[in-house]
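Engineer: give me coordinates for this.
(chains A and B)
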Amino acid sequence: MAEASRKPLPPAIDPDFTRRYRFHGGLKLAGCREAASSRPIQQAGIPDQLILPLAQHIGEPAECLVKPGDTVYRGQPVARAIGRISAPVHASSSGSVLAIEPRPVPHPSGLPAPCIVIATDGRDTPAPDLPPVLDYLHTDMDTLLEHIRAAGIVGLGGAGFPTYAKLARGDAIELLVINGVECEPCIACDDGLQRERAHELIEGVRILQHIVQPAACVIAVEDNMQEAERALRAALDGRNETGIRVVNVPTIYPTGGERQLIRVLTGREVPSQGFPSDIGIIVQNVGTAAAVHDAVVKAQPLLSRIVTVTGDGVQQACNMEVLIGTPVSHLIAAAGGYTDHIERLLIGGPMMGYAVGTDAVPVIKTTNCILAVTARSMPAPPPAVPCIRCGRCTEVCPANLLPQELYWFARSGNHDAAQDYGLFDCIECGCCAHVCPSHIPLVQYYRHAKTTIWEQEKQKQKADIARLRHEARLERLERIRHEREERLAHRKQAVTGKSAGDALRQAAIQAALERVRQKKEEATATPRNTDNLTPEQQRQIEAVEQRRRERAAKSQDTD
Amino acid sequence: MLSALIALGVLAIVIGLVLGYSALRFHVDSDPVVDQIDALLPQTQCGQCTYAGCRPYAEAIAAGEAEINQCPPGGEATIQALADLLGVDPKPLNPEHGEHKDKTVVVIDEQVCIGCTLCIQACPVDAILGAPKQMHTVIESECTGCNLCIPPCPVECIHIVPVAKTLRNWSWPLPVEPGTEVAEHG
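Structural biologist: The predicted structure is shown next:
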C-alpha cells in the first residue's frame, strides 16, 4: 500500500476526452498522405499467383494443411495456427496449390521463407464450408473469440499480434482505443478505410466493445483527417447506443504508436515491458475492427487488406484493396507501373520501412504501405560521422530513452547495459536517426542489439536443453553399467557354488539328516505296548522276565 | 566481568549451534561456482577442451586446473563471460584446442548409412535416432555440432553443414561504419 501511495495515481479517464496530453519528443513531419488519399480505394484484383507465407504474424508460424495440386477455394484455411500466439492462413482466392516452397517474403533480411503458392483460376469460388454468420449479441464469448481466431485476424496496424490473444487476456478493461492514426507520414490506408468503410468499421468496433466490455470506447483520428472524422461521425449519427466517441489528436509522429496514443488520450504511461491492458486499456487498429466485422457479420476470414501504394517511384499513388498474398509487382502494375529512376522499394513508410530487393514479395497481413522512391525524393543517407553528443536524439525520443547512450552500448556489444537503459522500450520509430546531424543509422544499432540479444537467449535455452540431455544420457549409461555389473555378479556366484540355490540344497540335506536322527530315536525308545497293563498281564510279563533271567543265569553257569 | 564472560560464552555456544545446524540442514552438494561456470559454457559436450564434457571442464576451471580459454565453440564471448565471473583477465582462445567457427550441425547421408549404431553411441546428447541395421538420422534441433559422431563412422556418411539462416534466427547486422575503417587502417 505504501508503495502505491507513493506512486502518482494514473489520471482518471475523462469520458469526454477534452484534454490532449503530450508525449515526450516526437516530430512534426511534412505529410505526403494526400498523394494516396486523394483517390478512392482501388481494387487490385486477383493476381495470377498468390504467395502466402506461413509466418505473417508475431508468434509461431502456421502449419500447412494443403499439398501441391490441391484445389483450394476462397476463404478455405490452408494453414492452421500452432499454439495460442499464432494465426491460421486462408486462401484469398480459388485455384490450385502450385507449390509449398521458400519464396522471398517482406522481411528486412531478404531471406526466403516457406510459402504456399496458389495459382489462381480467376473464378474466385468461395469455399462451401465457410463458418456461419454470427449474431454477436446473442453468441457466447468463447464462440465469438474462437470465430475471430479461426478468421486469422491479427493486428493490421503493423505488428501483427494475433487479435484473439489480445482480446482473450481477460483483464478488466476501462478503455478501448480504436487507433485510426496513421503509423507514419505518407501512409493513408487507415484514412481511406475510415472514409469509405465507416459503417463497417463502427460495427466492428461495436463487436469489440461487446467482447471487451470497456467502460469507454474512443476512435482516435489525426486532426488533419477531417473527412475521415466526418465519415465516422456520420456513421455514428443517431445510432450510438454504445457511446463510441470520435476524437482527433495532433499530427505529431509517432502518435500512431500504441503507447504514444494512450499517453495523448489519457495521460497514462504503459509500464516498461508491460502491455496496455496492464493499465486497463486495449488498443486495436481500425483495419482490425473492420476485419472483425467481416469475420462476424459477413463470415469472411481475413482475405484482404487496404495497402497504400505511394512514392514518386510509382505513376499513380493510391490506396488499394489487396488480397493477402498478392505480389507487390501486381500492385505496382495496378498503380500504373514504376516511373523512371526508381531507386528503392520500401515496405512500410519513410521512417520505419525497410528496403526489399525484389517486387516478387507478397503483401502479407501486416503490410500497410509500399513505398517506391527515386534517388531525388529519398537520397541514400550520407556516410555516418562520429557522434558529437549534441543530445538532439534524446530531445525527440518518444519513449523517453537516451538514444545516444543506447547507441554506445549497442555499438560496443554491451547488451546488459543497453537493456538497463531500456533498449526493449525502443519502438524503432526512427525519430533519433532522423534528427541526427551525424547521420548515424541509430535504429539499426538498436535492431542489431535487440535481435542479437534474442538470438543469444535462444542459444542459452538450447544449451540448457543440451545440458539436460547430456546429463540424462550420463545417468542412463551409469544405470546400464550398474545393471550389467549386477548381472555379472550373479553369474559369478552361480559358478563358484555359493549361490542361493546352493543354500537350498544345504537345507534339504539338513532336513534329511534330521529325519534320520528322529527315526533312530524312535527305534531306541521303550515299546509303547507296556503302558496301562492289567495286573494279570503285568504278572505274566514278570513271569516271562523271571524265566529269561533264570535261563540267562543258567547259561552263565554252564559257560 | 564474570557475567559478561558468561553472556559472551553462552552467545558463542548458541551461535555455534545455530551455524552447525544450518551447515547440516542447508548443505549444498555441488559447488555453486561450478554451476555458474557450467551455465556459461555452450554445452556442445565436444571435448575439445580435453575434458570429457562441459561439466568436467567447469570443475577443472573451478579447481584451478584448466585455463578459461580452452573452449573453441564458446569463443571470445564465453572467455569474456568466464573472465567476468571469475574476476580474471580474459585471454585469447588457445589455438591448441581449435578455432572458433560458426555453429554447424551434422547430417547423415541415409543412402550410405549401414546402421552400425556407432554414431549413436558417440553422440553426447542423444541427438541421433536409429537401431542396428536400420537407417539413422540426426535430430537437427538437438544437435550441438560437436562432431564426435564423425570419427567412429565406418562409411563416412556423416557431413557437417552450417545452421541455415531463417527469419527466426536472423539478426540485424551491425551498421558498417566508414569512419572506423579509416581509423583502423590509419
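Engineer: for the closest residue to chain B within the stretch 51-200 of chain A, give me its contacts.
Structural biologist: Evaluated by Cβ to the nearest Cβ, the stretch 51-200 of chain A has A:Ser109 as its residue closest to chain B, separated by 4.3 Å. (Glycine included, C-beta is placed from N, CA and C.) The contact partners of A:Ser109, taken as Cβ atoms under 8 Å, 6 or more residues apart in numbering or on different chains, are B:165, B:167, B:170.
Engineer: buried subset of these as a PyMOL selection?
Structural biologist: This is the PyMOL syntax for the buried subset of these, where burial follows 16 or more other Cβ atoms under 10 Å in any protein chain shown:
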select buried, chain B and resi 167
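Engineer: any chance of the contacts of A:Ser109 in CSV, plus secondary structure and distance to A:Val328?
Structural biologist: Formatted as CSV, the contacts of A:Ser109 follow (DSSP: H, G, I helix; E, B strand; the rest coil; distance: Cβ to Cβ, whole Å):
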residue, secondary structure, distance to A:Val328
B:Lys165, coil, 23
B:Leu167, coil, 18
B:Trp170, coil, 21
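Engineer: can I get the contacts of A:Ser109 in TSV including pLDDT and distance to chain A?
Structural biologist: As requested, the contacts of A:Ser109 are exported to TSV (pLDDT from 0 to 100; distance: Cβ to the nearest Cβ, whole Å):
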residue	pLDDT	distance to chain A
B:Lys165	85	6
B:Leu167	86	5
B:Trp170	90	4
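Engineer: next, count neighbours for residue 54.
Structural biologist: Chain wasn't specified; assuming chain A. 21 (other Cβ atoms under 10 Å in any protein chain shown).
Engineer: wrong one, chain B
Structural biologist: Around B:Cys54 there are 29 residues (other Cβ under 10 Å).
Engineer: quick one, strands of chain B?
Structural biologist: B:104-108, B:128-129, B:137-138, B:158-162 (DSSP state E).
Engineer: nearest to A:Pro254, out of the ones you listed?
Structural biologist: strand B:158-162 (38.5 Å; Cβ to Cβ).
Engineer: adjacent strands (with direction) for the closest one?
Structural biologist: strand B:104-108 (antiparallel) (DSSP bridges).
Engineer: give me the contact list for the strand it pairs with.
Structural biologist: By Cβ under 8 Å, 6+ apart, strand B:104-108 touches B:119, B:128, B:136-138, B:140, B:143, B:145, B:147, B:149-150, B:157-163.
Engineer: residues in contact with B:Val88?
Structural biologist: So B:Val88 contacts B:68, B:82 (Cβ under 8 Å, 6+ apart).
Engineer: how about 7 Å then?
Structural biologist: B:Ile68 (Cβ atoms under 7 Å, 6 or more residues apart in numbering or on different chains).
Engineer: one step back: which SS class is the residue of the stretch 51-200 of chain A closest to chain B?
Structural biologist: Secondary structure, DSSP: H, G, I helix; E, B strand; the rest coil: A:Ser109 is coil.
Engineer: can you check the one 10 residues further on too?
Structural biologist: Three states are possible here, and by three-state DSSP the one that applies to A:Ala119 is strand.
Engineer: didn't it look like it was pressed against A:Ser94?
Structural biologist: No: assessed by Cβ atoms under 7 Å, A:Ala119 is found out of contact with A:Ser94, at 10.3 Å.
Engineer: more crowded one of those two?
Structural biologist: Higher neighbour count among A:Ala119 and A:Ser94: A:Ser94, with 21 against 12, using other Cβ under 10 Å.
Engineer: so how far is A:Gln76 from that one?
Structural biologist: 8 Å (Cβ to Cβ, to the nearest Å).
Engineer: also A:Ala334?
Structural biologist: When A:Ala334 is compared with A:Gln76 (using Cβ to Cβ), they lie 25 Å apart.
Engineer: other SSEs contacting the lengthiest helix in chain B?
Structural biologist: Determined from DSSP state H, the single longest helix within chain B is helix B:2-25. Under the contact criterion of 3 or more Cβ pairs under 7 Å, 6 or more residues apart in numbering or on different chains; DSSP states H and E, helix B:2-25 touches no helix or strand at all.
Engineer: what about that helix, distance to the chain center?
Structural biologist: 43 Å (Cα atoms, centre = their mean, to the nearest Å).
Engineer: now the helices for chain B?
Structural biologist: Going by DSSP H, chain B shows helices at B:2-25, B:32-40, B:54-62, B:75-86, B:118-122, B:178-185.
Engineer: alongside chain A, which residues does chain B contribute?
Structural biologist: Residues of chain B found near chain A (Cβ under 7 Å from any Cβ of the partner chain) are B:42-43, B:45, B:53, B:124-126, B:142, B:144, B:165-167, B:169-175, B:177-179.
Engineer: hey, which helix or strand in chain B has the poorest pLDDT?
Structural biologist: None of the helices or strands of chain B scores lower by mean pLDDT, DSSP states H and E than helix B:178-185, at a mean of 47.
Engineer: for the stretch 1-150 of chain A, just list every one of the helices.
Structural biologist: A:2-6, A:34-37, A:141-150 (DSSP state H, counting those that start in this stretch).
Engineer: what kind of secondary structure is A:Ile211 in?
Structural biologist: Applying three-state DSSP: A:Ile211 is helix.
Engineer: count of residues packed around it?
Structural biologist: 22.
Engineer: so what's the residue lying closest to it once chain neighbours are set aside up against?
Structural biologist: Nearest residue to A:Ile211, sequence neighbours excluded (Cβ to Cβ, 6 or more residues apart in numbering or on different chains): A:Leu167, at 5.4 Å. By Cβ under 7 Å, 6+ apart, the contact set of A:Leu167 is A:145, A:148, A:211-212.
Engineer: now do the contacts for the residue nearest the centre of chain B.
Structural biologist: Taking Cα atoms, centre = their mean, the centroid of chain B lies closest to B:Leu41, which sits 2.8 Å from it. By Cβ under 7 Å, 6+ apart, B:Leu41 lies in contact with B:54, B:57-58, B:71, B:74, B:78.
Engineer: quickly name whichever of those is closest to chain A.
Structural biologist: Distances from chain A to these, taken by Cβ to the nearest Cβ, are shortest for B:Cys54, at 7.1 Å.
Engineer: quick check: that closest one vs A:Gly430, distance?
Structural biologist: Taking Cβ to Cβ, one finds B:Cys54 at 42 Å from A:Gly430.
Engineer: tell me how the chain divides into domains.
Structural biologist: I went with chain A, as the question did not name one. According to automatic domain parsing, chain A comprises the domains A:1-30+A:132-300, A:383-494.
Engineer: nope, chain B please
Structural biologist: Looking at automatic domain parsing, the domains of chain B come to B:32-97, B:104-162.
Engineer: residues in contact with stretch B:119-132?
Structural biologist: A:466, A:469-470, A:473, B:45, B:53, B:115, B:117, B:136-139, B:142-144, B:146, B:148-149, B:152-153, B:158.
Engineer: ok, and for that stretch, which residues are buried?
Structural biologist: B:119-120, B:122-125, B:127-128, B:130.
Engineer: quick check, nearest of those to A:Val373?
Structural biologist: Taking these together and measuring to A:Val373 by Cβ to Cβ, the closest member is B:Ala127, at 47.8 Å.
Engineer: shaky segments in the stretch 301-450 of chain A?
Structural biologist: Of all residues in the stretch 301-450 of chain A, none has pLDDT under 70.
Engineer: show the average pLDDT along stretch A:146-158.
Structural biologist: Looking at stretch A:146-158 alone, the average pLDDT works out to 91.
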